[in-house]
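Chemist: Quick check, what structure comes out for this input:
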Amino acid sequence: NTDVILVGKLDTVEGTLNVCSIPRDTLINYGINRINSAYAIGENNKSKGNSGVDNLKKELKKLMGFEIDNYAVVDTMAEIIDAIGGVYFDVPQDMVYNDPFQDLNINIKKGYQLLSGEDAVKVLRFRHNYAGGDIQRIGVQQDFFKAIAKQLLDLKNIPNMTAAIEI
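Modeler: Next up is the predicted model:
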C-alpha cells in the first residue's frame, strides 16, 4: 500500500506549484475500501493489463474528477535523502512504533535533528499516537517535504543534485 499520495498542479505561466495530500485512509466506493490500496491492487493484477499506477490514477480520477497527466513513484526516498547528506527536520513528537510483521521499528526522538534516509522514511511512515490522527500525519509529511525542498535549493547541495536525480 502507498504511504503518501500527493496530487500537484504545476502552473508554468505563474511559476507556482500547488500540492494536495490525499489521506491514505480516504474511503472510496469503487471496489476497494481505501485509496492507499489502489496501487497494490493494480500491481497484483498486472496479468489483466493493469499496473499499480494505472489503477491509482483511475481511482484518483473517480475521486477528484480529473485525469492525472504525469506521475512519479518514489520508492527510493531513503537513497535520495542520503544522497543529499540527510535532511534537517523538527520532529514534532517522540515517534515509537514496532511492527514485527512489517519489520518496522520506529524510535525517533522529538526535536530538530539531521535525519538519515532510513529515519526520514520512518518519520513519513509514522501514523500512531497523533492527537490529530491522519490529518496531523499529513501536516507532518507536508512540513517534511518543505524541509527537503528548502535543503535541495541550498547552494551547498548543488553538487549532490546529480546523484539525487540519478536515483
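Chemist: any low-confidence regions in the protein?
Modeler: For the chain, applying pLDDT under 70 flags the ranges 30-32.
Chemist: Which parts of it are helices?
Modeler: For the chain, the helices defined by DSSP state H cover 38-44, 52-64, 77-83, 117-125, 133-152, 158-166.
Chemist: count of neighbours near the residue nearest to residue 68 when sequence neighbours are not counted?
Modeler: Leaving out its chain neighbours, the residue that sits closest to residue 68 by C-beta to C-beta, 6 or more residues apart in numbering is residue 57, at 4.7 Å. C-beta: built from backbone N, CA, C; applies to glycine. Residue 57 has 18 neighbouring residues, counting by other C-beta atoms under 10 Å.
Chemist: The one 5 residues further on now?
Modeler: Residue 62 sits with 13 neighbouring residues when counted by other C-beta under 10 Å.
Chemist: ok, it touching residue 28?
Modeler: Yes: Residue 62 is in contact with residue 28 according to C-beta atoms under 8 Å; the separation is 7.1 Å.
Chemist: still on that earlier bit, please name whichever of the helices of the chain is nearest to residue 24.
Modeler: Closest to residue 24 of those is helix 133-152 (C-beta to C-beta; 6.8 Å).
Chemist: Report the distance from the closest one to the chain centre.
Modeler: On the basis of C-alpha atoms, centre = their mean, to the nearest Å, helix 133-152 is displaced by 9 Å from the centre of the chain it belongs to.
Chemist: Could you tell me which residues within that helix count as buried?
Modeler: Of all the residues in helix 133-152, those buried under the rule 16 or more other C-beta atoms under 10 Å are 137, 138, 140, 141, 144, 145, 147, 148, 151.
Chemist: which other helices and strands contact that helix?
Modeler: When contacts are defined as 3 or more C-beta pairs under 8 Å, 6 or more residues apart in numbering; DSSP states H and E, helix 133-152 sits against strand 16-22, strand 87-91, helix 117-125.
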